[in-house]
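Enquirer: structure for this input, please:
(one chain, ligands or ions: 2)
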Amino acid sequence: MGSKVYFIKASVAEGERVLSEKARRLFHAGAFGSCFKPGDFTAVKVHVGEETNNTYITAPCFKGLVEELQALRTKPFITDTSTLYTGRRHNAIDHTTLAIERGFSVEGLGVPFIASDGLFGTAETPVRIAGELDQEVMIAADIVRCQSILSVAHFTGHVATCAGATLKTLGMGCASRKGKMRQHSALKPHVKRGVCTRCGECHRHCPADAITLDEVMAHIDQDQCIGCAECVAVCRFGAVIYDWQQENAILGKSVAEHALGALQGKDGRAAFFNFVVSVTKDCDCFARANMRKIVDDIGILASRDPVAIDQAAIDLVEARAGKPLPKLIGNRRLNWHYQIEHAVKIGLGSAEYELVEIE
Ligand code: SF4
Ligand code: SF4
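Expert: Ligands and ions are numbered 1, 2, ... in the order given. Have a look, this model is predicted:
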């Protein structure tokens, strides 16, 4: 039979208030209140969207879920962690300011935004796991410390893992800076000779000073590179490339192992939501406005199983589009199976699910 995944049809065209109420209906339908106890410090893991990105899930869509947690007398806080790449989410000051500007705040949602990995992304706790790549992962300190977690992910394609949803939100989004670097450590890009225009944009944005320019092109020092993908994001000429087939597999597995670390000690104390609306080729980390939808809006999913919910979201997207996700995002060499299969293998959840549709 598999894990239960609750589903309600939804579209951004219905408006934020309706989306918020539909998420609330799922919360009740799945009796997710039992995951949270009075007095819990409850992390509400979100993505506030990189600056200029306008396809992220907006703060008012979370209102109903936050109110449910408040009614249960937990102490909810909206949270995320610092990014490796430069931008408005690179440290807690800029990230919190952006969150407040976008209503992820006491004023907007009645609860504060608190970066769970501290000011510089270095507040972390090592977590022992029974992984295949790692036996210890570095997770944001306040994620480890809080008693319960409500993860609300926006389902999108992803430049390196193919699918970005709950597993990615937990694995990458709840890891400290060191944990993120570990996940990306296998993902080292190269510059394509003959395509590079020597514009220097990648050199200016590289947080690790790993890029030099000679009279012909840019070069990436593979030992110094931390695999953050900033150069891929900023290169307008498509000159920065990866060996996707090799690196996609390791990154996908590492994301699953860090998700396992983020959930350590929270058995029965975590609920996962995927908003499968405004599904874009790239994730909300991309500082781009008006990214094109790759599929019509589908709805919202909720589950206690972080693997089943992602599998269900992928299946719904592929069925609606009539195409596999790698083709939809324009990179047939990427494969989402690595995340899911490895997550199953390490005991994070099940890829088998029962879809329970709510009216
Ligand atoms: S941003 Fe792209 S084109 Fe510009 S220097 Fe870097 S690799 Fe070359
Ligand atoms: S060269 Fe490496 S560290 Fe520098 S921006 Fe690119 S991926 Fe990041």
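
Enquirer: for the chain, what lies in contact range of ligand 1?
Expert: Counting by CB under 6 Å from any ligand atom, the residues of the chain close to ligand 1 are 191, 196-202, 218, 234-235, 237, 239-240. (Each C-beta comes from the backbone N, C-alpha and C, glycine too.)

Enquirer: which of these sit farthest apart?
Expert: For the residues of the chain next to ligand 1, the farthest-apart pair by CB to CB is 198 and 234; their separation is 14.0 Å.

Enquirer: who's more crowded, those two?
Expert: residue 234 (18 against 15; other CB atoms under 10 Å).

Enquirer: quick check: phi and psi at the more buried one.
Expert: Here is the backbone geometry of residue 234 (degrees, to the nearest 10): phi -90, psi -20.

Enquirer: from what I see, it and residue 200 are in contact.
Expert: No. Residue 234 is not in contact with residue 200 according to CB atoms under 8 Å; the separation is 10.2 Å.

Enquirer: SS state for the residue most central in space within the chain?
Expert: Centroid check for the chain by CA atoms, centre = their mean gives residue 169 as the closest residue, at 3.0 Å. Here residue 169 is recorded as helix under DSSP: H, G, I helix; E, B strand; the rest coil.

Enquirer: just residue 301 next, same as before
Expert: Quick answer, by three-state DSSP: residue 301 is strand.

Enquirer: show me what it is bridged to.
Expert: With DSSP bridges as the criterion, residue 301 is bridged to residue 7, residue 274.

Enquirer: what's near enough to touch it?
Expert: Shown in contact with residue 301 (CB atoms under 8 Å, 6 or more residues apart in numbering): 5-7, 26, 273-274, 276, 309, 312-313, 316.

Enquirer: please, a PyMOL command that selects the buried ones among those residues?
Expert: Of the contacts of residue 301, the buried ones go into a single PyMOL selection, burial set by 16 or more other CB atoms under 10 Å:
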select buried, resi 5+6+7+26+273+274+276+309+312+313+316
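
Enquirer: all helices for the stretch 1-150 of the chain, in order.
Expert: Secondary structure of the stretch 1-150 of the chain (DSSP state H, counting those that start in this stretch): helices at 16-29, 63-71, 92-101, 106-109, 141-145.

Enquirer: between the ones you listed, which one is nearest to residue 53?
Expert: Nearest to residue 53, of the helices of the stretch 1-150 of the chain and by CB to CB, is helix 92-101 at 10.4 Å.

Enquirer: distance from that closest one to the middle of the chain?
Expert: 18 Å (CA atoms, centre = their mean, to the nearest Å).

Enquirer: stretch 57-68 now?
Expert: 17 Å.

Enquirer: now the residue nearest to the centre of the chain: how far from ligand 1?
Expert: According to CB to the nearest ligand atom, to the nearest Å, residue 169 and ligand 1 sit 29 Å apart.

Enquirer: does that residue touch residue 153 like I think?
Expert: Yes. Using CB under 8 Å, residue 169 is in contact with residue 153, at 4.1 Å.

Enquirer: mind listing the shared neighbours of these two?
Expert: 45, 47.

Enquirer: which stretches of the stretch 151-300 of the chain form strands?
Expert: With DSSP state E, counting those that start in this stretch as the criterion, the stretch 151-300 of the chain has strands at 156-158, 162-164, 190-191, 211-213, 218-220, 240-241, 270-276, 299-303.

Enquirer: so what secondary structure elements neighbour the second one?
Expert: Contact partners of strand 162-164 among helices and strands, from 3 or more CB pairs under 8 Å, 6 or more residues apart in numbering; DSSP states H and E: strand 156-158, helix 306-321, helix 325-328.

Enquirer: appreciated, that's everything.
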